Structure formats: structure tokens, C-alpha cells
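Chemist: Give me a 3D structure for the following:
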Amino acid sequence: MVAIAKNSGSRSSIITLVRAAQAGDAGSFATLYLHYQQSVEKTLQTHLINASDISDVRQEVTVQAAASLNHLRNPECIGSWLRTIARRLAAQRNVRLARDRSVDPHSPSGNPICQDLSPIERLIEQEEYEAVHAAVNSLKPTERQVLKWFYFEGRSLRQISQLAQIPVGTVKSRLHHARRRLGVRLRHLLAA
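Modeler: You can find the predicted model right below:
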């Protein structure tokens with residue numbers, strides 16, 4: 001097995017490890033993954049909040065990377081390839097979570113507050129629920145619509161691009177800005 005130099009992560013060592021891993025050497029894959037583990041972790045922390053979700057998606061990244069490593073054409077791109085897998089799986093996790101939690105706030109049953117909670121817990125849940133809806137409603141209409149299509153309706157970037165008649169890059173930009181604005185507006189919920 002080829003070790004990656006601590007400082008340089010030399011390209012030739014990385015290429016050799018990728019090719020060995022593609023040939024079935026599990027040790028080479030483990031070495032590669034350890035080398036890029038912090039980078040993958042930072043990517044996941046950027047897109048996910050819950051430590052449990054981060055842990056689950058981290059395992060999914062490992063499994064998917066191992067299963068599809070033979071599809072990697074350019075061994076030098078292993079780091080960005082792993083981060084792309086991490087971003088995509090984190091986005092998929094967020095969509096699943098949004099679907100599980102999505103409700104129509106205007107319907108009589110639109111309040112997902114659990115009736116089994118204590119009065120103080122119900123109050124906290126209600127405040128969080130209202131804060132999230134207020135934050136979403138404070139977004140620019142174009143950002144709000146793209147966010148709803150992506151997270152609440154589970155539409156792909158390409159579908160949103162076609163619906164809104166805008167380039168996919170614009171969809172990504174609007175999603176990015178919407179998430180940043182929501183993060184700023186809802187930061188107080190994380191501290192609670």
C-alpha cells in the first residue's frame with residue numbers, strides 16, 4: 001500500500017492509491033478516505049445540522065464512494081468527487097427530512113405540534129414552527145419559490161429550471177442565498 005505524504009498529499013501517491021482501490025485494494029481505499037475524511041466532514045457540516053444525520057450520511061458517502069469508485073475517470077479529482085457525493089447525499093437527506101416535516105401552514109391540521117408534549121414543550125415547538133414559517137416568508141419571492149419547489153415538493157434542479165424558465169446555475173444561486181438567509185434568521189433556534 002502506498003502512503004500519502006502528510007504535507008503534500010502528492011498527486012502520484014493519490015493516483016496510485018486510486019488505481020489500486022479501483023483494482024479492489026480495500027486498504028488503498030481506506031487510506032484515501034482517511035486522507036479526505038476532514039474535507040468530507042466539513043462538507044457535511046455545511047449542509048446538515050443534526051450530528052446523527054451527519055454520521056448517517058458520512059457512512060452513506062463511504063458506501064457509495066466504494067461502490068462507484070470504478071466510475072471515477074480522473075484519479076486526481078478524488079477529493080472533489082468525494083465532496084460532491086457528500087453534498088448530493090446531504091441534499092437528498094434534507095429533501096427527505098423536509099418531506100417528512102412538510103405541511104401546509106394554512107390548513108387546519110397544518111400545525112405539526114405533537115399533542116403528547118408538555119405545555120412548555122408545546123410552546124417551544126410552536127415558537128420554532130412560527131419562526132421557521134416567518135423566516136421562509138421573509139425570503140424574496142423568487143428564492144422562496146425555488147426553496148419550496150426543492151425542499152417541499154422534492155423537485156430536481158433541472159425541473160425547477162424548466163418551471164421557472166431560468167438556468168440551473170440561477171436555481172443553485174437562489175437556493176444558496178435562501179439557505180444562507182434562513183440560517184441567519186434561524187440561528188437562534190440552534191442555540192436553544
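Chemist: which regions of the chain lie under the pLDDT threshold?
Modeler: Within the chain, the stretches with pLDDT under 70 are 1-9, 98-117, 189-192.
Chemist: Work out the gap between the helix or strand hosting residue 124 and the centre of the chain.
Modeler: Here residue 124 sits within helix 119-137, counting by DSSP states H and E. Offset of helix 119-137 from its chain centre (Cα atoms, centre = their mean, to the nearest Å): 23 Å.
Chemist: all helices for this structure, in order.
Modeler: For the chain, applying DSSP state H gives helices covering 11-22, 26-47, 51-68, 78-101, 119-137, 141-147, 157-164, 168-191.
Chemist: got the ones you listed as TSV, with mean neighbour count columns?
Modeler: For every residue, glycine as well, the C-beta is placed using N, CA and C. Shown next, in TSV, are the helices of the chain (neighbours: other Cβ atoms under 10 Å):
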stretch	mean neighbour count
helix 11-22	17
helix 26-47	16
helix 51-68	15
helix 78-101	17
helix 119-137	13
helix 141-147	18
helix 157-164	15
helix 168-191	14
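Chemist: Next one: the residue nearest the centre of the chain from residue 162, what distance?
Modeler: Note on the chain: the residue nearest the mean C-alpha position is residue 90, at 2.5 Å, using Cα atoms, centre = their mean. Distance of residue 90 to residue 162, given as Cβ to Cβ, to the nearest Å: 24 Å.
Chemist: ok, now residue 36?
Modeler: The value you get for residue 36 to residue 162, if Cβ to Cβ is used, is 34 Å.
Chemist: Ok, residue 32 next?
Modeler: Distance from residue 32 to residue 162, by Cβ to Cβ: 37 Å.
Chemist: If anything else comes up later, I'll come back, but that's it for now.
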